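J.: What follows is a predicted protein model with its sequence.
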Amino acid sequence: MKEIIAIIRRDKVPETKQVLEDLGYPSLTIQSVDGRGKQKGAMCAEMDSEMPESFCTAAKLKPTPSAYAIEHTLPKVALYVPKRMLTIVVPDDVVTKVVKSIMKVSRTGKHGDGKIFVAPIDGALRIRTGETDGEAIA
C-alpha cells in the first residue's frame with residue numbers, strides 16, 4: 001500500500017475527485033492548506049488559475065505572515081498560497097495510474113500547479129470492522 005498526497009489548486013479538486021472515482025478510488029481526505037514553493041510566496045496572476053489574468057494574486061489575497069516574520073520583524077512578509085491537500089491510500093499496483101491521472105487533470109503548466117508525494121504505508125485498520133490492510137482501504 002502507498003499513501004498519495006497531492007497538493008493541488010483549489011479549482012482542480014472537482015475534476016480530481018471525479019477522476020479518482022472513475023478509477024474506482026472515491027475514498028480520500030481533503031484539507032485546506034496554505035504554502036509556498038520556490039517563488040517564496042511572490043505570486044503572479046499565473047500562479048492561481050482562479051484569478052483573472054489582469055490581476056496579481058498578491059493584490060487579491062491578504063498576506064499571511066509567518067510566525068518567524070512576526071517575531072523577528074522581517075521587512076518582507078512571506079505570502080502563502082491557498083491550496084487543497086488530497087490524501088488517498090491505494091494498493092501498490094495502481095499507484096502509477098492514480099498519480100498520472102491526478103497529474104493529467106491538475107496540470108495547467110503554470111507555476112503553482114502543486115506537488116504529489118508517495119509514501120509507503122505499513123498497515124491499515126478499519127476501526128468499525130477490524131479489517132486490516134487491503135480490506136481496510138477498499
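T.: Thanks, I have the structure now.
J.: ranges for the strands of the protein?
T.: Using DSSP state E, the strands of the chain run over residues 2-8, 29-35, 81-90, 114-120.
J.: Run through the neighbouring helices and strands of the second one.
T.: I take that to be strand 29-35. strand 81-90 (3 or more CB pairs under 8 Å, 6 or more residues apart in numbering; DSSP states H and E). (Glycine included, C-beta is placed from N, CA and C.)
J.: can you state the direction angle for the strand it packs on and strand 114-120?
T.: Between the axes of strand 81-90 and strand 114-120, defined by axes from the mean of the first three to the mean of the last three CA atoms, to 10 degrees, the angle is 30 degrees.
J.: so what does strand 81-90 touch, helix or strand wise?
T.: strand 2-8, helix 13-23, strand 29-35, helix 95-106.
J.: okay, these, which one's buried deepest?
T.: By mean neighbour count, with neighbours taken as mean count of other CB atoms under 10 Å, strand 2-8 ranks first of the helices and strands packed on strand 81-90 at a mean of 20.
J.: Sheet-wise, list the partners of that strand with their directions.
T.: In the sheet, strand 2-8 lines up against strand 81-90 (antiparallel), strand 114-120 (antiparallel) (DSSP bridges).
J.: Which stretch among those approaches Arg128 most closely?
T.: When the strands paired with strand 2-8 are compared by CB to CB, strand 81-90 sits nearest Arg128, at 16.4 Å.
J.: List of residues touching that closest one?
T.: 1-10, 12-13, 16, 20, 25, 27-36, 41, 43, 47-48, 57, 61, 98, 102, 112, 114, 121, 124, 137 (CB atoms under 8 Å, 6 or more residues apart in numbering).
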